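S.K.: quick one: sequence and predicted model below, then my questions.
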Amino acid sequence: MRRFLHLALAFAGAAAAGAAFSALEVAVGAASVAAEPDPRDPAAFLTMLQDFGYKAQLNESGENPRINTRAEALNYAITFYGCDDGRACPVAILAVSWSYSGSDEAMGVANRWNAEKFLGRAWAVPAEKYIGLDRTLNLRTGYTKDGLEQEIDWWAETMVEFRGYLEREVFAEEGIDGEPRDPWRKI
């Protein structure tokens, strides 16, 4: 009987230690998840961009918070929408645009890009002579830092591809100067 009692106590001790270890794992896992910055907060998004090595500035003076940044020698903006007091923004739109002159084909060029590509929505404002590209990020679902870095890298690749497309389709005769239109302050 004494042997049975020792065995029962040993099993109970092992089970308690296992439960404590499991509770510790859950607590550490929760802390890891909690440690991920929330990209719905423009200030946290800015910090992540800077951690990725990008120069970036947050402008909260307008109706919607906006980050001005640069990738692949192209200035672009990240504008946050639907925010609750400048935070908890469910949507961000990354956008870049270029001024052009002489070409009346900009709308057709934008439509062809949209018909052929699935990443980046091209648009044109012929009356003001500019053409651009944007991409919407759904921030409701959240991103890990690694996931957001991949999204930003993919956006940078898409901007470069679009710039090459514009060089061939819009700026073939006049040339593109390498700088996008500057509706936002340069970085």
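M.R.: On my side now, so go ahead.
S.K.: need the next SSE after the helix or strand bottoming out on mean pLDDT in the chain, C-terminal direction.
M.R.: Least confident helix or strand, the chain: helix 2-35 with a mean of 49, by mean pLDDT, DSSP states H and E. Using DSSP states H and E, the helix or strand that follows helix 2-35 in sequence is helix 42-51.
S.K.: buried set for whichever helix or strand comes after that next one?
M.R.: Later in the chain than helix 42-51, the nearest helix or strand by DSSP H and E is strand 56-59. Going by neighbour count (16 or more other C-beta atoms under 10 Å), the buried part of strand 56-59 is Ala56, Leu58. Just so you know, the C-beta spots here come from the backbone N, C-alpha and C atoms, and that holds for glycine as well.
S.K.: list of residues touching strand 56-59?
M.R.: Taking contacts as C-beta atoms under 8 Å, 6 or more residues apart in numbering, the residues outside strand 56-59 that touch it are 42-43, 46, 49-50, 65-70, 185, 187.
S.K.: switch the cut-off to 6 Å
M.R.: Applying C-beta atoms under 6 Å, 6 or more residues apart in numbering, the contact partners of strand 56-59 are Pro42, Leu46, Leu49, Gln50, Arg66, Ile67, Asn68, Thr69.
S.K.: which of the residues you listed count as buried?
M.R.: Pro42, Leu46, Leu49, Arg66, Ile67, Asn68, Thr69.
S.K.: how near is the second one to Leu148?
M.R.: With the distance defined as C-beta to C-beta, to the nearest Å, Leu46 ends up 12 Å from Leu148.
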